[in-house]
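> Give the three-dimensional model of this entry:
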Amino acid sequence: MGVKISLFLLSLTVLLAVAFSPSNEKYSLEDKYIYKADSILSIMTLEEKIGQLNLPAAGDITTGQASSSNIAQKIKEGKVGGLFNLKSASKIREVQRVAVEESRLKIPLLFGMDVIHGYETIFPIPLGMSASWDMEIMEKSARIAANEASADGINWTFSPMTDISRDPRWGRVSEGSGEDPYLGAQIAKAMIKGYQGENLALNNTIMACVKHFALYGAPEAGRDYNTVDMSRVRMYNEYFGPYKAAVDAGVGSVMTAFNDVDGIPASGNKWLMTDVLRKQWGFDGFVVTDYTAINEMIDHGLGDLQTVSAMALKAGVEMDMVGEGFLTTLQKSLEEGKITEKQIDDACRLILVAKYKLGLFDDPYKYADPERAEKELFTVENRKSAREIAAQTFVLLKNQGNVLPLQKKGTIALIGPLADNKENMTGTWSVAANFERSISINDGLKKAVGDRAKIVYAKGANVVADSLLESRVSIFGKPTYRDERSASAMIQEALDVAKNADVIVAVLGESAEMTGEASSMSNIELPENQRDLMKALLGTGKPVVMVLLTGRPLSLTWEEEHVPAILNVWFAGSEAGEAIADVLFGDVNPSGKLSATFPQNVGQIPIYYNHKNTGRPLPEGQWFQKFRSNYLDIPNEPLYPFGFGLSYTTFEYGALKLSNISPIGNQSIKASISVSNTGKYDGAEVVQLYIRDVVGSITRPVKELKGFKKIFLKAGETKTVTFDITPEDLKFYNYELEYVWEPGDFEIMIGGNSRDLSMGKLNWKE
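Presented below is the predicted three-dimensional model:
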């Protein structure tokens, strides 16, 4: 009887702690959350505090095991703060029930998932989404993803990934927004607003997690998890921007990177997690590691599990994903004086505050509503949005002789290893997708033409010739359906199918998991067997369109020289087939622009538009000059520059006009340019503003993106596009890491990509 009374009193204490907090208006909502969290902290045991810092994967919880698995037992003991990658509202509801009804303090759990580019309705991969340069659809895609995920029990997503990358060998380039910090920052803000909305306590918003802090996109040799080494000037000016933008946008959590920063792995790096993230940027959420990142510091050479776990806690990490180093070693480290209980309390408090912000203490089941999930997942409306958004991300790289758009008549030969493969349309990191419900390109084209044209199909080639390589890139339930016939037999079948066709659409490129985590590639050309297929198709003399599936910039030098039309569709999501058909047949005019430079070959990597000049720059317009910074065998220029993308129509830019060429101090100026649609199709154009700081106290890039506007022009229409420029647009981190602008000469450039620009000059005085 005494035990029951004690439990009753304990439960009452928790309820009172939740219910009563400062109500005076002088206290902010954040203060009230902290007060409530401290009230619970005061009655928690050390083991329960440490338990809140533990984030296991839900791998051993399957149907019927919610109360009996190993993880469930830990939940009952108060040793789990959250779970991730458990799918379905009913399963999550049952696991949450264990937490709030069978544990001592009844603290609800966080439920996270890699909702990277959609939940069940899948949008294009993030690199593809960034090619839209459209912040409204970026936010909309995140809003739909949050609504679906929250309906199915998820309240936390490990997105957006804001790692800047200039190396397409790195597989996770597909998961980011390209090479530019300004564009990446705008996308980070839009995605966080889409996920978190205006109020995290609503049941259709979810907490975002910006990742991977920091510099994860710059590994040596493009090899995942590898060493990163750069100056702090470069960190602040070229890589930190999108992370900081996410913090400024109010992101709820931050994930650590796997790599080291200044010789110390990110998960144990106090300068990074405390000095930069919290003190300089004012981040007030919690930090979670990536998968087993604390344990991996052992292999980095920083000590045993106890040592690296204490190091991570002291650095400013609050939650340990999967590794359980916190769970199994922090108590011993406390007893030995290597950490303090205050450090544990501070970490636990931030986890509890996040749960208050999400409204989980008010209603732990608010996200786990099976009826809502039944109605709001993969809806007709969401799929329609995914189709419309996908079509805005495609980049037309070449259209010689106006092969595109195609007409819905005659016979169209559809050839390629992924032309009739719906499972690979969603790309990497589509963990909640139902691949069977995706729309293949074959099905999309057939539906588009109906009985007006005939679609004939042949596979033509495997994704790669090497069967072992192919097996390594199809391990996540996205089969490539390898054909065991000889390469010559498959090509001959394709030629037989194409011989009576009017036009050939060749769907070539990568399978979904050839990019993504642990999918680095040393060769970023089109696989040789696919190029052999393309050579054979070109040999027919028929017009050929290449539809390119890719999660990274590829080296397409041969294809650019020989193939008449190239449409890059990335991995377009669950509605890929219909979206691709919309653009191929001209129902939608492509308007995507590259957010990452495409190199001529792998030897140019890293290659990016906002590089610095050398002391011996190659004169403009030249290929080679001895004792200058250039190659003997190829030009310095990329194959396709940052910001590049064609349209079915043509756009003509006028002369750039500056409202003042001698501004002073905090004055603002206007940079204007007229843009005309000189073709016969209506279309959208991304007008891009670049600035060069000609003379600085440190070396400065040859140009930097500072603004962009996406405009729609009817055929024959002209619009004037104006950008406001202030000293804020001129700021950078100097050698002392002070964020300043310096008076002097500047070049202002506007155009349709980072290469083809109109320029004006001005002198800005202090």
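
> got a list of what the closest residue to residue 116 other than its chain neighbours touches?
In this structure, residue 116 finds its nearest non-sequential neighbour in residue 429, 4.0 Å apart by C-beta to C-beta, 6 or more residues apart in numbering. From N, CA and C alone the C-beta is placed, and that goes for glycine too. Contacts for residue 429 (C-beta atoms under 8 Å, 6 or more residues apart in numbering) come out as 114, 116-117, 125, 175, 516-517.

> Recalculate using a threshold of 7 Å.
For residue 429, the contacting residues are 114, 116-117, 175, 516, by C-beta atoms under 7 Å, 6 or more residues apart in numbering.

> Next: residue 127.
Residues in contact with residue 127 (C-beta under 7 Å, 6+ apart) are 173-174, 176-178, 551, 570, 595-596.

> The same query, at a cut-off of 10 Å, please.
Residues in contact with residue 127 (C-beta atoms under 10 Å, 6 or more residues apart in numbering) are 117, 165, 168, 172-178, 393, 427, 515, 550-553, 570-571, 594-596.

> Remind me which helix or strand it belongs to.
Element membership of residue 127 [criterion: DSSP states H and E] is helix 126-130.

> If you average the pLDDT over that helix, what comes out?
Mean per-residue pLDDT for helix 126-130: 98.

> Just the CA atoms of it, as CSV, please.
The C-alpha trace of helix 126-130 is given here as CSV (Å, rounded to 0.1, in the frame of the first residue of the first chain):
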residue,chain,number,x,y,z
PRO,A,126,17.3,18.1,-52.1
LEU,A,127,20.0,18.8,-54.8
GLY,A,128,17.1,18.7,-57.3
MET,A,129,14.9,20.9,-55.2
SER,A,130,17.6,23.5,-54.9
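
> helices or strands up against the following helix or strand past it?
For helix 126-130, the following helix or strand on the C-terminal side (DSSP H and E) is helix 135-151. When contacts are defined as 3 or more C-beta pairs under 10 Å, 6 or more residues apart in numbering; DSSP states H and E, helix 135-151 packs onto strand 110-113, helix 126-130, strand 156-157, helix 181-196, helix 370-376, helix 380-391, strand 704-713.

> Could you single out the most deeply buried of these?
The highest mean neighbour count among the helices and strands packed on helix 135-151, using mean count of other C-beta atoms under 10 Å, belongs to helix 126-130: a mean of 29.

> Output the below-cut-off pLDDT ranges for the chain.
Residues of the chain meeting the criterion pLDDT under 70: 1-27, 60-69, 475.

> ok, the residue nearest the centre of the chain - contacts?
The centre of the chain sits closest to residue 176, judged by C-alpha atoms, centre = their mean, with a distance of 3.3 Å. Counting by C-beta under 10 Å, 6+ apart, residue 176 makes contact with 125-127, 130, 160-165, 170, 184, 187, 211-212, 216-217, 242, 595-596.

> and it, backbone torsions?
Dihedral angles of residue 176 (phi, psi; degrees, to the nearest 10) stand at phi -110, psi -170.

> that older thread, using a markdown table, lay out the contacts of residue 429 together with secondary structure and neighbour count.
Output for the contacts of residue 429, formatted as a markdown table (DSSP: H, G, I helix; E, B strand; the rest coil; neighbours: other C-beta atoms under 10 Å):
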| residue | secondary structure | neighbour count |
| --- | --- | --- |
| 114 | coil | 19 |
| 116 | coil | 25 |
| 117 | coil | 31 |
| 175 | helix | 28 |
| 516 | coil | 25 |
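
> what would these look like in CSV with distance to residue 193?
CSV is the format used below for the contacts of residue 429 (distance: C-beta to C-beta, whole Å):
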residue, distance to residue 193
114, 20
116, 17
117, 16
175, 19
516, 25
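
> Give me the domain ranges for this structure.
Using automatic domain parsing, the domain parsing of the chain gives 45-373, 386-594, 649-764.

> gap between residue 207 and residue 749?
As judged by C-beta to C-beta, to the nearest Å, residue 207 and residue 749 stand 39 Å apart.

> now do residue 56
As judged by C-beta to C-beta, residue 56 and residue 749 stand 51 Å apart.

> same check, this time on residue 353
Distance, residue 353 to residue 749, by C-beta to C-beta: 45 Å.

> And the buried ones among the contacts of residue 127, selectable in PyMOL?
Applying 16 or more other C-beta atoms under 10 Å to the contacts of residue 127, the buried members can be selected in PyMOL as follows:
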select buried, resi 117+165+168+172+173+174+175+176+177+178+393+427+515+550+551+552+553+570+571+594+595+596
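
> Inside strands: which ones of the contacts of residue 127?
Per DSSP state E, strands hold no members of the contacts of residue 127.

> Residue 287 is in contact with residue 312, isn't it?
Yes - with contact defined as C-beta atoms under 10 Å, residue 287 counts as touching residue 312 (9.1 Å).

> between the two, who's got more neighbours?
Between residue 287 and residue 312, counted using other C-beta atoms under 10 Å, residue 312 has the larger neighbour count: 34 against 26.

> Just list the residues touching that one, thanks.
53, 256, 265-270, 273, 287, 289, 293-295, 297, 302, 318-320, 323, 325-326, 330, 347.

> tell me the contacts of residue 664?
Contacts of residue 664 (C-beta under 10 Å, 6+ apart): 743, 763-766.

> Angles on the backbone of the nearest residue to residue 78 once chain neighbours are set aside, please.
Distances taken as C-beta to C-beta, 6+ apart place residue 48 nearest to residue 78, at 4.1 Å, with adjacent residues excluded. Backbone torsions of residue 48, given as degrees, to the nearest 10, read phi -70, psi -40.

> Residue 48: neighbouring residues, count only.
Residue 48: 20 neighbours (other C-beta under 10 Å).

> from memory it sits against residue 106, does it?
No - Residue 48 is not in contact with residue 106 according to C-beta under 10 Å; the separation is 11.2 Å.

> Quick check: neighbours shared by those two?
By C-beta under 10 Å, 6+ apart, the residues touching both residue 48 and residue 106 are residue 78.

> can you list residues touching both of residue 287 and residue 312?
Joint contacts of residue 287 and residue 312 (C-beta under 10 Å, 6+ apart) are 256, 266-267, 273, 318-319, 347.

> got a winner among the residues you listed for most neighbours?
Of the shared contacts of residue 287 and residue 312, with other C-beta under 10 Å as the count, residue 267 tops at 37 neighbours.

> That'll do, ta.
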